[in-house]
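Q: 3D model of this:
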Amino acid sequence: MTTARIGGLPFWELRFDATGDPDQAAVTALLKGARACGVTDLVLLAHGWNNDRQLAGPAYEAFFGLLAAQARQAGPWAESIGLAGVHWPARRWPDEPVPDFAPAGPVPGPGPAPATLPGSGAVTVSPTPSGAPRPAGLDDATLRALRSTFPTGAPAVDRMAQLLLTRPTPARVDAFAAELRQFAVVVAGGFDDGETAAAHDDPAGPPLPGMLDGDPAQVYGRFLDGLRRCGTPLGDAQSSGAAGLGDPLRGIWHGAKEALRQLTYWQMKNRAGVIGRAGLGPVLAQLPGAVPGVRIHLVGHSFGARLVSFAAAAAAAPAPVRSVTLLQGALSRFAFAPTLPFAPGRSGALAAMPSGVAGPVTVCYSTNDSALGVFYPLASLAAGDDAAALPSLGRRWGALGFHGASAAGAPGTTVAAAGRRDAYQFRHGRIINVDATGVVRRGGPPSGAHSDVLQPELSWLVLLGGGLV
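A: Presented below is the predicted three-dimensional model:
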């Protein structure tokens, strides 16, 4: 069978279901193909909330196109690099901005620049095309996406969709909250990053977000205000303040819909950890036997950052993971903390992972990421927290891709131009925080620049961290 290629380098796909079970034919193709192609270094990328090849495929082509062009400019040893993309069942809501894979000219890198390779352009994220106000209800495409991604939660989704079409009353808001909790319970899975403290958390079971413990009207009002802060067009719910004159629940369905969105993302975050630990980790452990001497370089975006992190932790002993690069990671900023500052007797779930990596763990973050800077902490807040103090609460409930790795002894620096070889001080088995705000900066509401990661500075960072250039 002919091996696919991106930028002249061999490329394989790995596919996993929601429980981490792999497509065995794809695993076999990778193991045999990497050996046959003489791969010495395998760069593996896991997407975030794109769950089909229609969206994840072009992202892999764009990022790997940049990386391949830069590596091949650096020297002939790049010909032994292999590429792999992970496909797993995560779901972007259809009303989210879609990255525009437009060519951006020659790829920056050392030496003379060759002609631009297909798929090697930088990516910008287009805002909502028309700027038209977003409806509070769920459109047909979103309903189909949610039903297929969370089949056990489909009945609750349908009931919430019906409520969003009605005039909000206190009783209906409470009914929506009951359905939201039911949905959370039936689709729950996975494990947290060591940061949850919700009153209903069962130590023996999967975690649930703290927002389920709060007063529904207050919780949905928080999300409504978050949408406004991000500039999301909401029509007559646009004005500030959660309540309107004579109508204290005006616009509340927008906040309720956003709470549902964030709950589905929370569950996909949990799912990513399961797939990393139970699916990708064991596959990585097979690589040394099939491809002697191979070095593994893991890259993850958004929830994919959580996936590859738990895969690296699961495969640390048998698999030679040489580097890990996390782009806008949708996991706790304290995931790598040896001691949690708010719970001294506990550590982050990934505290031991960096020491099992032969090279650096690079954490890229951007303060232009409103998905992680605004909505991630809102979903995590414990009952009784004051959302008006969001900046301080972000220090407790914040995301890796907005703050960087915290309480983990990680030095920080700013992202450098592609082609610079002396910009970073990498240390084996240690974390480095890289502020990528200057390049991860484009995107429309409500997610901001969360998906603006297909940039030459970041692909170059992967190469440097892995010792590939």
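Q: Which elements pack onto the longest helix seen in the chain?
A: Longest helix in the chain, counting residues (DSSP state H): helix 252-275. Contacts of helix 252-275 with other secondary structure elements, assessed using 3 or more CB pairs under 8 Å, 6 or more residues apart in numbering; DSSP states H and E, are made with helix 140-149, helix 154-163, helix 170-187, helix 216-229, helix 303-314, helix 376-380. To be clear about C-beta, it is placed using only N, CA and C from the backbone, and glycine gets the same treatment.
Q: With respect to residue 430, which of the ones you listed lies nearest?
A: Of all these, helix 303-314 sits nearest to residue 430, with 13.8 Å by CB to CB.
Q: I'd like to know which elements the closest one is packed against.
A: In this structure, helix 303-314 makes packing contacts with strand 41-46, strand 81-87, helix 252-275, helix 281-290, strand 295-301, strand 321-327, judged by 3+ CB pairs under 8 Å, 6+ apart.
Q: re the thing from before, now the angle between strand 295-301 and the longest helix of the chain, please.
A: For helix 252-275 against strand 295-301, the angle by axes from the mean of the first three to the mean of the last three CA atoms, to 10 degrees is 170 degrees.
Q: Check the offset of helix 252-275 from the chain's centre.
A: Chain-centre distance of helix 252-275: 12 Å, with CA atoms, centre = their mean, to the nearest Å.
Q: quick one: average pLDDT of it?
A: Regarding helix 252-275, the rounded mean pLDDT is 93.
Q: then that helix to PDB, C-alphas only?
A: As requested, the backbone C-alpha atoms of helix 252-275 are provided in PDB (Å, rounded to 0.1, in the frame of the first residue of the first chain):
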ATOM      1  CA  ILE A 252     -30.700  34.000  29.800                       C
ATOM      2  CA  TRP A 253     -31.100  31.300  27.100                       C
ATOM      3  CA  HIS A 254     -28.000  32.500  25.400                       C
ATOM      4  CA  GLY A 255     -26.100  31.800  28.600                       C
ATOM      5  CA  ALA A 256     -27.800  28.500  29.100                       C
ATOM      6  CA  LYS A 257     -26.900  27.400  25.500                       C
ATOM      7  CA  GLU A 258     -23.300  28.400  26.300                       C
ATOM      8  CA  ALA A 259     -23.300  26.400  29.500                       C
ATOM      9  CA  LEU A 260     -24.400  23.400  27.400                       C
ATOM     10  CA  ARG A 261     -21.600  24.100  24.900                       C
ATOM     11  CA  GLN A 262     -19.000  24.200  27.700                       C
ATOM     12  CA  LEU A 263     -20.400  21.100  29.300                       C
ATOM     13  CA  THR A 264     -19.900  19.200  26.000                       C
ATOM     14  CA  TYR A 265     -16.400  20.500  25.800                       C
ATOM     15  CA  TRP A 266     -15.700  19.500  29.400                       C
ATOM     16  CA  GLN A 267     -16.800  15.900  28.500                       C
ATOM     17  CA  MET A 268     -14.600  15.900  25.400                       C
ATOM     18  CA  LYS A 269     -11.700  17.100  27.600                       C
ATOM     19  CA  ASN A 270     -12.300  14.100  29.800                       C
ATOM     20  CA  ARG A 271     -12.600  11.800  26.800                       C
ATOM     21  CA  ALA A 272      -9.300  13.000  25.500                       C
ATOM     22  CA  GLY A 273      -7.600  11.800  28.700                       C
ATOM     23  CA  VAL A 274      -9.200   8.400  28.400                       C
ATOM     24  CA  ILE A 275      -8.100   8.000  24.800                       C
END
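Q: Counting neighbours, which bits of whatever helix or strand residue 64 lives in end up buried?
A: Element membership of residue 64 [criterion: DSSP states H and E] is helix 53-74. Using 16 or more other CB atoms under 10 Å as the burial criterion, the residues of helix 53-74 that qualify are 56-74.
Q: Same question for stretch 9-27.
A: When burial is assessed from 16+ other CB under 10 Å, stretch 9-27 yields the following buried residues: 9-16, 18, 20, 22, 26-27.
Q: could these be laid out in TSV, adding pLDDT and secondary structure?
A: Written out in TSV, the entries for the buried residues of stretch 9-27 read as follows (pLDDT from 0 to 100; DSSP: H, G, I helix; E, B strand; the rest coil):
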residue	pLDDT	secondary structure
9	96	strand
10	97	strand
11	98	strand
12	98	strand
13	96	strand
14	97	strand
15	96	strand
16	96	strand
18	90	coil
20	95	coil
22	97	strand
26	97	helix
27	98	helix
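Q: if I read this right, residue 94 contacts residue 141, doesn't it?
A: Yes - contact status for residue 94 versus residue 141: in contact at 4.1 Å, counting by CB atoms under 8 Å.
Q: out of these two, which sits in the busier spot?
A: Between residue 94 and residue 141, counted using other CB atoms under 10 Å, residue 94 has the larger neighbour count: 15 against 11.
Q: which residues touch that one?
A: Residues touching residue 94, when contacts are defined by CB atoms under 8 Å, 6 or more residues apart in numbering, comprise 139, 141-142, 145.
Q: try 6 Å
A: Contacts here follow CB atoms under 6 Å, 6 or more residues apart in numbering; on that basis residue 94 touches 141-142.
Q: Over to it: give its phi and psi.
A: The phi and psi torsions at residue 94 (degrees, to the nearest 10) take the values phi -60, psi -20.
Q: so how far is residue 63 from it?
A: For residue 94, the distance to residue 63 equals 23 Å [CB to CB, to the nearest Å].
Q: Same question for residue 47.
A: From residue 47 over to residue 63 (counting by CB to CB), the distance is 10 Å.
Q: do residue 50 as well
A: Plainly put, residue 50 is 12 Å away from residue 63 if you go by CB to CB.
Q: follow-up on the earlier one: ok and the helix holding residue 64 relative to strand 41-46, angle-wise?
A: Angle, helix 53-74 to strand 41-46, by the same axes, to 10 degrees: 150 degrees.
Q: Please name every helix or strand in contact with helix 53-74.
A: Secondary-structure packing of helix 53-74 (3 or more CB pairs under 6 Å, 6 or more residues apart in numbering; DSSP states H and E): strand 4-6, strand 81-87, helix 456-465.
Q: In CSV: the ones you listed, plus distance to residue 307 and mean neighbour count.
A: What follows is the helices and strands packed on helix 53-74, written out as CSV (distance: least, CB to CB, whole Å; neighbours: other CB atoms under 10 Å):
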stretch, distance to residue 307, mean neighbour count
strand 4-6, 20, 16
strand 81-87, 7, 25
helix 456-465, 16, 26
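Q: Provide a list of residues in contact with residue 174.
A: Neighbours of residue 174 in contact, by CB under 6 Å, 6+ apart: residue 216.
Q: Is residue 440 in contact with residue 449, as I believe?
A: Yes - with contacts counted by CB atoms under 6 Å, residue 440 reaches residue 449, the gap being 4.9 Å.
Q: So which of the two has more stuff around it?
A: For residue 440 and residue 449, the more surrounded residue by other CB under 10 Å is residue 440, and the numbers stand at 29 against 25.
Q: and that one, helix, strand or coil?
A: When the structure is reduced to helix, strand and coil (DSSP: H, G, I helix; E, B strand; the rest coil), residue 440 reads as coil.
Q: pLDDT wise, what is the residue lying closest to it once chain neighbours are set aside at?
A: Across the structure, with CB to CB, 6 or more residues apart in numbering as the measure, the residue nearest residue 440 apart from its sequence neighbours is residue 366 (3.7 Å). We note a pLDDT of 98 for residue 366 in this prediction.
Q: tally of neighbours for residue 366?
A: Residue 366: 27 surrounding residues under other CB under 10 Å.
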